[in-house]
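# sequence and predicted model, in that order:
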Amino acid sequence: MASEKRGYRTTLPAPGHSEVNLCSVLSLGKDLSKITMPVIFNEPLSFLQRVAEYMEYAKLLKQASLEQTPIGRMQYVAAFAVSALASNWERLGKPFNPLLGETYELEREDFRIICEQVSHHPPVSAFHADSDDFIFHGSIHPKLKFWGKSIEVHPKGIVTVELPKWKEAYTWQNVNCILHNVLVGQLWMEQLGALEIKQYGGANLKATLSFKSAGWNGKDLHRVEGFITDPDKRKLVFLYGKWTEKLCACDPSLYEETIDRIRREAKSPQSSPGHKKVLAKLHSLKVGAFKPSHQDAIDESGNDGEDVPTVDEIAGSITLWEGVSRPANSADFYQFTTFAMSLNEMEPGMGKSLCPTDSRLRPDIRKLEMGDQDGAAAEKIRLEEKQRESRKARKHKKGPEWVPRWFQVGINPHTRQEDWLYQGGYWDRNYSDLEDIF
Ligand SMILES: CC(C)CCC[C@@H](C)[C@H]1CC[C@H]2[C@@H]3CC=C4C[C@@H](O)CC[C@]4(C)[C@H]3CC[C@]12C
């Protein structure tokens, strides 16, 4: 693993574009992985690089492994699961679909990760990260459905964190994501539904987090809350925050007290005008942009109809994770985080050792990064054509189907479900028998 700290790139060579119109390319109910999108909708990263963005707050997994109790460890794994989504906030460019066999590696002070596109139809990206303290692996098979006003993303696939020191594993599935106002108005994104983290080994705890729908006045926008429970379903910890900002933890009794207090205050006559004013203000600010326009958005929100007040702060909480704010140049560069800015960088000395299938070597992404949209579009077409040709050639020769180089389907020992498992060897840097995909 890279031992010295070094500075990474904090900007891109050229700024991105603004405002685009989708009407022309989309039709209802379509599986978006089957449409060729003009590069104007793209951001200069491959989806594999987006997967590597999960690692931005990898230090939370190190923190988890340093904790002495199963509850402590579960808290930080939950914080990691939420933090992994933070980079998606306002990121509305489409990452490039990885080519079959494309890989992406990232090696930092405290972890390294290898991702591979293991299937093209359906698109499946597998990844495996390791460090002295944890292993993090899984696969993601994003399904995008276009519903007129909105796009629904179902990121199917299981992810697993292993803490070898404690002989513990944690698994979960990512929540669904909805993009609103894709055709008109301001595009915005919700993460929606229940995220359930299971702990295997140790105390067999569970963390159940509910990603809330924005709600009619936007008051629950980006909000996440839930509990860590033991196998007898006793609530041990209350977790709350926003996936775009932070996650806090407190004792469930503190949460109950806070809720009771808010309810009492809301009932007392003096406070109600103020309360109404706040609501009215929120309403006028956000109703245009944040009104759920999709029935599922309401149904999946996990609200059982009862009006539970929302809490922003509970005295006596600890902050498990706080997101780094976007850099000042973010708006000019596809709303990237500082971490994202560095992902496609050709780092010094990489030239010789880099695997020839690495996303950094994709000419279309590189061209878009340089601001050359036409060049990028031409290269994208060329690469997709080349991919089709080699698929045809494999069929024609009646040779074996495509076999991923670094991952294989196997049974995840914890969930006992089918999963993509890393076969090892990538970091030996022997890249001789690889197909030329670029
Ligand atoms: C043409 C334009 C409007 C379409 C833009 C589509 C963009 C915004 C879509 C395309 C693929 C999508 C991603 C697909 C899968 C996941 C994994 C999930 O766990 C978090 C959301 C995330 C990371 C999605 C975020 C939104 C996304 C990047």
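Done, it's in.
# mind checking how far the spatially most central residue of the chain is from residue 192?
Among the residues of the chain, the one closest to the centroid is residue 85, at 4.0 Å (C-alpha atoms, centre = their mean). Separation of residue 85 from residue 192 (C-beta to C-beta, to the nearest Å) stands at 11 Å. Any C-beta I mention is one placed from the backbone N, CA and C, and that applies to glycine too.
# mind checking the longest helix of the chain?
Longest helix in the chain by number of residues, with DSSP state H as the criterion: helix 373-396.
# now for the helix or strand just after it, which elements pack on it?
Once helix 373-396 ends, the next helix or strand along the chain (criterion: DSSP states H and E) is strand 407-411. The contact analysis (3 or more C-beta pairs under 8 Å, 6 or more residues apart in numbering; DSSP states H and E) places strand 407-411 against strand 418-422.
# end to end on stretch 158-178, go ahead and measure it.
19 Å (C-alpha to C-alpha, to the nearest Å).
# name the residues of that stretch that are buried.
Judged by neighbour count (16 or more other C-beta atoms under 10 Å), stretch 158-178 contains these buried residues: 158-163, 166, 168-178.
# any idea how far that stretch is from the middle of the chain?
13 Å (C-alpha atoms, centre = their mean, to the nearest Å).
# report the mean confidence score over it.
Averaged over stretch 158-178, pLDDT sits at 97.
# quick one on the thing from earlier: just the buried residues of stretch 158-178: which are in strands?
Within those, residues falling in strands by DSSP state E are 158-163, 168-173, 176-178.
# the residues you listed also near the ligand: which ones?
Counting by C-beta under 6 Å from any ligand atom, residue 177 from these sit close to the ligand.
# between the ones in strands among the buried residues of stretch 158-178, which is nearest the ligand?
Proximity of those to the ligand (C-beta to the nearest ligand atom) peaks at residue 177, which lies at 4.2 Å.
# in the sheet, who's paired with the closest one?
Beta-bridge pairing of residue 177 under DSSP bridges involves residue 153, residue 191.
# my read: it touches residue 153, true?
Yes - contact criterion C-beta atoms under 8 Å: residue 177 and residue 153 qualify, at 4.1 Å.
# can you list the strands that the particular helix or strand that has residue 95 in it pairs with?
For residue 95, the element it lies in under DSSP H and E is strand 94-96. With DSSP bridges as the test, strand 94-96 is paired with strand 42-46 (parallel).
# between helix 373-396 and the strand it pairs with, find me the angle.
Orientation of strand 42-46 against helix 373-396 (axes from the mean of the first three to the mean of the last three C-alpha atoms, to 10 degrees) gives an angle of 50 degrees.
# how about the residues of the stretch 1-150 of the chain near the ligand?
By C-beta under 6 Å from any ligand atom, the residues of the stretch 1-150 of the chain that approach the ligand are 22, 37, 41, 50, 85, 88, 92, 94, 95, 142, 144.
# nearest spatial neighbour of the third one, chain-adjacent residues omitted?
Spatial nearest neighbour of residue 41, chain neighbours left out: residue 94 (4.8 Å); criterion: C-beta to C-beta, 6 or more residues apart in numbering.
# can you map out the helices along the stretch 51-200 of the chain?
Remark: helices assigned in the stretch 51-200 of the chain by DSSP state H, counting those that start in this stretch are 59-66, 70-83.
# which of those helices is buried the deepest?
helix 70-83 (a mean of 25; mean count of other C-beta atoms under 10 Å).
# rewinding a little: give the buried residues for the longest helix of the chain.
Using 16+ other C-beta under 10 Å as the test for burial, helix 373-396 gives 373, 375, 376, 377, 379, 380, 383, 387, 390.
# other residues contacting it?
Around helix 373-396, the neighbours that count as contacts under C-beta atoms under 8 Å, 6 or more residues apart in numbering are 17, 36, 38-40, 42, 44, 96, 99-100, 120, 362-365, 367-368, 400-402, 435, 437-438.
# recalculate using a threshold of 6 Å.
Helix 373-396 has contacts (C-beta atoms under 6 Å, 6 or more residues apart in numbering) with 39, 99, 363, 364, 367, 368.
# so which of those wins on neighbours?
The most neighbours of any of the contacts of helix 373-396, using other C-beta atoms under 10 Å, belong to residue 368, which has 30 neighbours.
# test my guess that it contacts residue 44.
Yes - at 4.3 Å, residue 368 counts as touching residue 44 under the criterion of C-beta atoms under 6 Å.
# just the pLDDT at residue 138, thanks.
The per-residue pLDDT reported for residue 138 equals 98.
# quick one: low-confidence ranges for this structure?
Residues of the chain meeting the criterion pLDDT under 70: 1-5, 17-36, 269-307.
# could you measure residue 380 against the ligand, distance?
14 Å (C-beta to the nearest ligand atom, to the nearest Å).
# now do that residue against residue 42, distance only.
Where residue 42 is concerned, residue 380 sits at a distance of 8 Å (C-beta to C-beta).
# ditto for residue 389
23 Å.
# repeat for residue 54
Note on residue 54: its distance to residue 42, by C-beta to C-beta, is 20 Å.
# how about residue 217?
34 Å.
# go on, residue 419?
Residue 419 is 29 Å from residue 42, by C-beta to C-beta.
# for residue 61, same thing?
Distance, residue 61 to residue 42, by C-beta to C-beta: 30 Å.
# quick check: closest non-adjacent residue to residue 247.
Among residues not flanking residue 247 along the chain, residue 241 sits closest, at 3.9 Å (C-beta to C-beta, 6+ apart).
# which SS state does that neighbour fall under?
strand (DSSP: H, G, I helix; E, B strand; the rest coil).
# touching, it and residue 226? I think so.
No - the pair residue 241 / residue 226 is not scored as a contact, 10.3 Å apart, by C-beta under 6 Å.
# compare these two and say which is more crowded by neighbours.
residue 241 (25 against 22).
# any idea what the more buried one is bridged to?
Taking DSSP bridges, one obtains residue 224, residue 247 as the residues bridged to residue 241.
# now do the contacts for it.
Listed by C-beta under 6 Å, 6+ apart, the contact partners of residue 241 are 224, 247, 248.
# from these, which are also near the ligand?
With the criterion set as C-beta under 6 Å from any ligand atom, no member of those is near the ligand.
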